[in-house]
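Trainee: One predicted model, sequence on top.
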Amino acid sequence: MSDPAFLAGLVPLFGGAFVAGAVTQLARQLARPAPPRARVVIARATCAGIAALTVAALLTVVVRPVPAAALLLAAACVTGWSGPGILTRLGTLVERKLGLPGDPQREWRGNERHRTHPAGPDGHTEA
């Protein structure tokens, strides 16, 4: 796996994964009714590209035989759409699989917008 010729062959694929993730996130940001500032758009696109590159690299290591380039680019686009938050979830999953204590501030709790809180002394909750 550490053969320099093999790694050199992956450079164009990983570059493509980065670009695919970044462009996908860029399209998502620019499609908003009120696009954010240029600096925010560039930062999110760059982070999404890094996340897409990371996922493509992990897939080449985990999946045997090495997946087709089209599958890696598709994974890069999905990751790019999701944005860099997927790296937090992926990091938490890897820490759990390795038995490492996770950072309690970073633990993924699912969709927190749907969490309920007690409304009053009678125990009823509100969404």
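Mentor: Okay, I see it.
Trainee: Tell me how many other residues crowd the closest residue to G83 other than its chain neighbours.
Mentor: Closest residue to G83 apart from its sequence neighbours, by CB to CB, 6 or more residues apart in numbering: A48 at 5.1 Å. For every residue, glycine as well, the C-beta is placed using N, CA and C. Neighbour count of A48, defined by other CB atoms under 10 Å: 31.
Trainee: my guess is A48 meets A76, correct?
Mentor: No. Contact criterion CB atoms under 8 Å: A48 and A76 do not qualify, at 9.3 Å.
Trainee: what touches both of those two?
Mentor: Common contacts of A48 and A76, defined by CB atoms under 8 Å, 6 or more residues apart in numbering, comprise 21, 24.
Trainee: Strands along this structure, start to end?
Mentor: 117-118, 125-126 (DSSP state E).
Trainee: Would you mind checking the average pLDDT for the last one?
Mentor: Regarding strand 125-126, the rounded mean pLDDT is 44.
Trainee: List the buried residues for the lengthiest helix in the chain?
Mentor: For the chain, the helix that runs over the most residues, judged by DSSP state H, is helix 4-30. Within helix 4-30, the residues scored as buried using 16 or more other CB atoms under 10 Å are 10, 13-14, 16-26, 28-29.
Trainee: Roughly how far does the residue lying closest to T46 once chain neighbours are set aside sit from T79?
Mentor: With sequence-adjacent residues excluded and distances taken as CB to CB, 6+ apart, T46 is closest to A22, at 6.4 Å. A22 is 10 Å from T79, where distance means CB to CB, to the nearest Å.
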